[in-house]
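# sharing a model prediction with you, sequence too.
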Amino acid sequence: MALSDEVRELASRVSNWGRWGDDDQLGCGNLITADATRRGAAGVLTGQRISLGVDLREDGIQIGQPAGRFNPILTFTSMSERDQFAPGIWEGCDDLVTMSTCAGTHIDALSHVSYDGLLYGGRPTGTIGARKGAGWCGAERLPQIATRGVLLDIPAVHGVDRLDPGSAVTAADLDAAVERAKVSMQPGDVVCVRTGDIGWYLDGDRRRYAVGVDWKTVGIGLSCVEWFHRHDVAGAFVDSYTYEVMPPESGNWDDLLCVHMVQLRDMGLLQGQNWNFEQLAVACAEDQRYDFLLVATPEPIVGATSAPVSPVAVR
């Protein structure tokens, strides 16, 4: 088998290659303009701050699937010790963390997923090396995010707490959530798509969150990709582990991660997963206000293909 014609045709329609110049490494991050930031700031009415990230911890989200990803390992390099070469009587601690860059709440760099040997903008995957990492579209190229965020609560649209395993969020779902939120999408907005799936992790069922049921997981469906393109959103962030629905909607396993492939490689869309929208959803429902200022600065790890982030919704 091969990548479905449907996926390739969609990729051609939504491609942003050359839109912001041949050397562009920001992708849809270019849409986060000063106007977009001011629009987000205008939504701050109370100053309430809500964290959208999960704690980085040794017994965190990663369970070894896929292999090679692991949770943070905290190691102390000094514990209440003095520096024998420095003056004074102080004692201090230092520590280091070893972790996968996508271990918890994160944003994917545009180099994270590719196909046909090409990255965003048509650069070859050979620009990624084992020693220096991604020489094109590394995590250090990700933008500082300060723009209007919009919570799209998909379970609320369907009158449930969480979506069923294997459920695909569709473009129709996004339209219904926008209507429910009483917002009008603007270029440079980011969408926070709630599926409720992070609730399994918060309840302590790490495996259920990571691999779903019978390898069926909740996430973004392919129809959403064109929706994001049509509305010129800068980014889409999700509260699920796999980001997109699995198995692929087409039934063709060569389409696995097709949403990742098209959004990162062709659109240059900012995307991330393992975000936590549970507290935000409660706050938005209480005052029926679903837009806010989203502030999220990905760690600029040179050459990395994902970046940890601690996002905050300011209302």
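Yep, that arrived.
# next, name the residue at the spatial heart of this structure.
Gly272 (0.8 Å; Cα atoms, centre = their mean).
# ramachandran angles for that residue?
Main-chain torsions, Gly272, degrees, to the nearest 10: phi -160, psi 160.
# so it sits right up against Phe237, yeah?
Yes - with contact defined as Cβ atoms under 8 Å, Gly272 counts as touching Phe237 (4.8 Å). All C-beta atoms are positioned from the backbone trio N, CA, C, and that covers glycine.
# which neighbours do those two share?
By Cβ atoms under 8 Å, 6 or more residues apart in numbering, Gly272 and Phe237 have these common neighbours: Ile107.
# count of neighbours near Phe85?
5 (other Cβ atoms under 10 Å).
# and it, how far is that from Glu91?
14 Å (Cβ to Cβ, to the nearest Å).
# now Val238
From Val238 to Glu91 the distance is 43 Å (Cβ to Cβ).
# repeat that for Gly122.
Plainly put, Gly122 is 54 Å away from Glu91 if you go by Cβ to Cβ.
# check Met99 too.
Plainly put, Met99 is 27 Å away from Glu91 if you go by Cβ to Cβ.
# which one's more surrounded, these two?
Taking neighbours as other Cβ under 10 Å, Met99 and Glu91 compare with Met99 leading, 18 against 11.
# surely the more buried one touches Thr75?
No - look at Met99 against Thr75 with Cβ under 8 Å: they stay out of range, at 11.2 Å.
# those strands in the stretch 101-250 of the chain, which residues are they?
106-108, 128-129, 133-134, 145-153, 168-169, 190-194, 219-220, 235-238 (DSSP state E, counting those that start in this stretch).
# which elements pack onto the fourth one?
Think strand 145-153. Where contact means 3 or more Cβ pairs under 8 Å, 6 or more residues apart in numbering; DSSP states H and E, strand 145-153 is packed against helix 34-41, helix 171-181, strand 190-194, helix 278-287, strand 291-296.
# please point out which parts of the second one sit buried.
Same thing as helix 171-181. 171, 173-174, 176-178, 181 (16 or more other Cβ atoms under 10 Å).
# that helix vs helix 278-287, what angle?
50 degrees (axes from the mean of the first three to the mean of the last three Cα atoms, to 10 degrees).
# average pLDDT for helix 171-181?
Averaging pLDDT along helix 171-181 gives 98.
# and it, how far out from the chain middle?
In terms of Cα atoms, centre = their mean, to the nearest Å, the centre of helix 171-181 is set 20 Å apart from its chain centre.
# what lies in contact with it?
150-154, 156-157, 184-185, 191, 193, 221, 223-224, 226-227, 284, 290-291.
# at 7 Å what do you get?
For helix 171-181, contacts defined as Cβ atoms under 7 Å, 6 or more residues apart in numbering pick out 150-154, 156-157, 185, 223-224, 226-227, 290.
# the inter-axis angle of that helix versus strand 145-153?
Using the same axes, to 10 degrees: helix 171-181 against strand 145-153 is 100 degrees.
# please apply the same query to the last one.
Per the same axes, to 10 degrees, the angle that strand 291-296 makes with strand 145-153 is 130 degrees.
# now the shortest one
Using the same axes, to 10 degrees, one finds that strand 190-194 and strand 145-153 are set 30 degrees apart in direction.
# got the contact list for Thr195?
By Cβ under 7 Å, 6+ apart, Thr195 lies in contact with 154-155, 162-163, 169, 218, 238-240.
# for PyMOL, what selects the buried ones among these?
Remark: buried members of the contacts of Thr195, expressed as a PyMOL selection using 16+ other Cβ under 10 Å:
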select buried, resi 154+155+162+163+169+218+238+239+240
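# let me know the closest of the contacts of Thr195 to Val314.
Asp239 (18.7 Å; Cβ to Cβ).
# these two touch, right, the closest one and Trp200?
No - contact criterion Cβ atoms under 7 Å: Asp239 and Trp200 do not qualify, at 10.3 Å.
# now the helices for the stretch 101-250 of the chain?
154-158, 171-181, 198-202, 206-211, 223-230 (DSSP state H, counting those that start in this stretch).
# what comes up buried for the fourth one?
So the one you mean is helix 206-211. By 16+ other Cβ under 10 Å, the buried positions in helix 206-211 come out as 206, 208-211.
# helices or strands next to that helix in the packing?
Helices and strands touching helix 206-211, by 3 or more Cβ pairs under 7 Å, 6 or more residues apart in numbering; DSSP states H and E, are helix 198-202.
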